[in-house]
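Student: Here is my input; please provide its structure:
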Amino acid sequence: MNNSGNNSENHTENFENNPFEFSGPPKYIPPKYNKPRINKVFLALLITLCLVFGMAGYAFGRVFYSPKEEISKDSSEESHLSLEDNSSRETGNDTSKEFELETVDPETYYTIKSVVNLTLSSVVEISTETITTGSFMRQYITKGAGSGVVITNDGYIVTNNHVVEGASAITVRLHNGSEYDAELIGTDPKTDIAVIKIDAEDLNPAAVGNSKTLEVGDQVVAIGNPLGKLGGTVTEGIISALERVITIDGRDMTLLQHSAAVNPGNSGGGLFNTSGQLIGIVNAKYSEDNVEGLGFAIPTAVAVPVIEDIMNFGYVRGRVSFGAAFVDIYSDYYTFYYGVPEYGTYVYSVSGNLDAEKAGIKKGDRIDSINGKVITGSGQIEEILKKSSVGDTLTVVVTRFTVSGRQTIANQYTFNMKLSEYKPES
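Tutor: Alright, predicted model coming up:
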């Protein structure tokens, strides 16, 4: 009934807006009959003019009003996207890996199906095995799964650090079902990027796009391996936010927020634009009861420099590290659990032969201040390191507690710690 009412209103509205008045049926006036006289020359001229103007109108419509053609899989080889590996550049005897971020042609718009045809074989399934030591020194194997994106035709693959971190074995399964053992080239926990390599040739690397050209509302396609058993799953959505700062494992990350459905196992998979270009590495989903549609990805503008350094050097150059792990203790339960007398941020462990140990900082020290800034949480230390460069000197004030009989003695020490370039153990 409602639909019928709406149609009636629409008809009335259209009729009232008619520029011609309607005043009832026209009166019938019988026509006078005159025998027609046809001028053959005039008729020929009229037909010629109709043909000329008709062809001109058709040509005009084709040029200015023809719909844009969408590029299908069959015509992808003729498109502006390069699906070949152009990431190697040789200079003399030195071979370095670089990616040229492709720009997006505003006139290029693929259907979701065409994007999938271009990119599906560029996304792989990753499975891992990690040896874990449990109680009574018993060891057991923990299995994990994730996704990855092929970035060169000779087997380099990008994924998330948290997908392969600590893995003793990594296996890659291609879209065609082939399986390969993978070698870990390097990782970067700060950006959650890792690069692995398989011994394969003639792969289909993803074309890498520039995430800086994205706008909120742009359509995107996510491809990955949700739940570790549904490889090649395709979902679509939009860019919801460009620079969303979220905290993952105590580390702030600036990520793309998108609405494409992702699940555990999608981590390391690809986020593609409608030009078929990789513009993000899926790395997180906001998980909470009654919350859906919040996915996040590392933008390629952040990921590409990290990937290049890992491929060329095995680590990210120019990074600094404190050389220690920290624990924040701000409850009576944890002061008792860790056996410390006061609240604060404590050194949980010190890495051998790195900056903290060289300066004299020890396990159990409480970090009071760095460069005059009072420390109330380990996140502040991370922020200070972000703003520091190789060669900078940090003035670190710590409190060291010692027990003498029943008495706890607190001594304060000041260390000048010079930051060196962090190179992870190979």
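
Student: Does Ser121 belong to a helix, a strand or coil?
Tutor: Assigned with DSSP: H, G, I helix; E, B strand; the rest coil, Ser121 falls in the helix class.

Student: for the stretch 151-300 of the chain, which spans come out with low pLDDT?
Tutor: 250, 285-293 (pLDDT under 70).

Student: any chance you could map the helices in it?
Tutor: Using DSSP state H, counting those that start in this stretch, the helices found in the stretch 151-300 of the chain span residues 161-164, 300-313.

Student: Same check on the stretch 301-426 of the chain?
Tutor: Ranges of helices in the stretch 301-426 of the chain, per DSSP H, counting those that start in this stretch, are 332-338, 355-359, 378-386.

Student: nearest to Glu215, of the ones you listed?
Tutor: Between Glu215 and the helices of the stretch 301-426 of the chain, the tightest spacing by CB to CB is seen for helix 378-386, at 27.3 Å. Bear in mind the C-beta positions are built from the backbone N, C-alpha and C, glycine included.

Student: Give me the helices and strands touching the closest one, please.
Tutor: strand 251-258, strand 324-329, strand 366-370 (3 or more CB pairs under 8 Å, 6 or more residues apart in numbering; DSSP states H and E).

Student: still on that earlier bit, now distance to Asp332 and mean neighbour count too, for the helices of the stretch 151-300 of the chain, in TSV please.
Tutor: Listed next are those as TSV, based on distance: least, CB to CB, whole Å; neighbours: other CB atoms under 10 Å:
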stretch	distance to Asp332	mean neighbour count
helix 161-164	32	21
helix 300-313	40	21
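
Student: Go through the helices and strands packed on helix 378-386 and name the closest to Pro424.
Tutor: Per CB to CB, nearest to Pro424 of the helices and strands packed on helix 378-386: strand 324-329, 14.3 Å.

Student: before we move on, back to that, ok, and which of the helices of the stretch 301-426 of the chain has the densest surroundings?
Tutor: Sort the helices of the stretch 301-426 of the chain by mean neighbour count, taking mean count of other CB atoms under 10 Å, and helix 355-359 sits at the top with a mean of 19.

Student: Tell me which residue is most central in the chain.
Tutor: Gly280 (2.4 Å; CA atoms, centre = their mean).

Student: Would you format the helices and strands packed on helix 378-386 as JSON lines with mean neighbour count and distance to Val390 included?
Tutor: Formatted as JSON lines, those follow (neighbours: other CB atoms under 10 Å; distance: least, CB to CB, whole Å):
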{"stretch": "strand 251-258", "mean neighbour count": "20", "distance to Val390": "20"}
{"stretch": "strand 324-329", "mean neighbour count": "18", "distance to Val390": "18"}
{"stretch": "strand 366-370", "mean neighbour count": "19", "distance to Val390": "17"}
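
Student: Mind putting those strands into a markdown table with distance to Thr399?
Tutor: Shown next, in a markdown table, are the helices and strands packed on helix 378-386 (distance: least, CB to CB, whole Å):
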| stretch | distance to Thr399 |
| --- | --- |
| strand 251-258 | 26 |
| strand 324-329 | 13 |
| strand 366-370 | 4 |
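
Student: among these, which is nearest Phe401?
Tutor: Nearest of the helices and strands packed on helix 378-386 (CB to CB): strand 366-370, 7.4 Å.

Student: what's next to that closest one, contact-wise?
Tutor: The contact list for strand 366-370, computed with CB atoms under 8 Å, 6 or more residues apart in numbering, reads 326, 340, 342, 344-347, 374-375, 380-381, 384, 394-401, 412.

Student: cool, stretch 223-235 as well?
Tutor: Residues outside stretch 223-235 that contact it (CB under 8 Å, 6+ apart) are 112, 116, 119-120, 123-127, 144-147, 173, 175, 221-222, 260-270, 272, 282.

Student: Can I get the buried part of the residues you listed as one ChimeraX selection?
Tutor: To isolate the buried ones among the contacts of stretch 223-235 in ChimeraX, judged by 16 or more other CB atoms under 10 Å, type:
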select :116,119,120,123,124,125,126,127,144,145,146,147,173,175,221,222,260,261,262,263,265,266,267,268,269,270,272,282
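
Student: Looking at the contacts of stretch 223-235, which are in strands?
Tutor: 123-127, 144-147, 173, 221-222, 270, 272, 282 (DSSP state E).

Student: For Gly364, state which of these is nearest.
Tutor: Gly144 (33.0 Å).

Student: longest strand in this protein, by residue count?
Tutor: Secondary structure of the chain per DSSP E: the longest strand is strand 233-248.

Student: List the buried residues in stretch 337-357.
Tutor: Within stretch 337-357, the residues that qualify as buried are Val340, Gly344, Thr345, Tyr346, Val347, Val350, Leu354, Asp355, Ala356, Glu357, counting by 16+ other CB under 10 Å.

Student: correct me, but the second one touches Val327?
Tutor: No. Because the distance of 9.7 Å does not satisfy CB atoms under 8 Å, Gly344 is recorded as not touching Val327.

Student: Quick check: neighbours shared by these two?
Tutor: Taking CB under 8 Å, 6+ apart as the contact definition, Gly344 and Val327 share no neighbouring residue.

Student: What is the burial count for Val316?
Tutor: 23 (other CB atoms under 10 Å).

Student: distance of it from Ile151?
Tutor: Distance, Val316 to Ile151, using CB to CB, to the nearest Å: 16 Å.

Student: Val398 too?
Tutor: Distance from Val398 to Ile151, counting by CB to CB: 43 Å.

Student: Repeat that for Asp181.
Tutor: Where Ile151 is concerned, Asp181 sits at a distance of 18 Å (CB to CB).

Student: With Lys362 instead?
Tutor: In this view, Lys362 and Ile151 are 42 Å apart by CB to CB.

Student: Neighbour count for these two, which is higher?
Tutor: Ranked by neighbour count (other CB under 10 Å), Lys362 and Ile151 place Ile151 first, with 25 against 13.

Student: Looks like that one contacts Val208 (just checking).
Tutor: Yes. Between Ile151 and Val208 a contact is recorded at 7.1 Å, counting by CB under 8 Å.

Student: burial of Ser388, as a residue count?
Tutor: Count around Ser388 with other CB under 10 Å applied: 16.

Student: what's near enough to touch it?
Tutor: Val320, Leu394, Leu419.

Student: Repeat that for Asn176.
Tutor: Ser121.

Student: just Ser420 next, same as before
Tutor: Ser420 neighbours (CB under 8 Å, 6+ apart): Val320, Leu354, Asp355, Val390.
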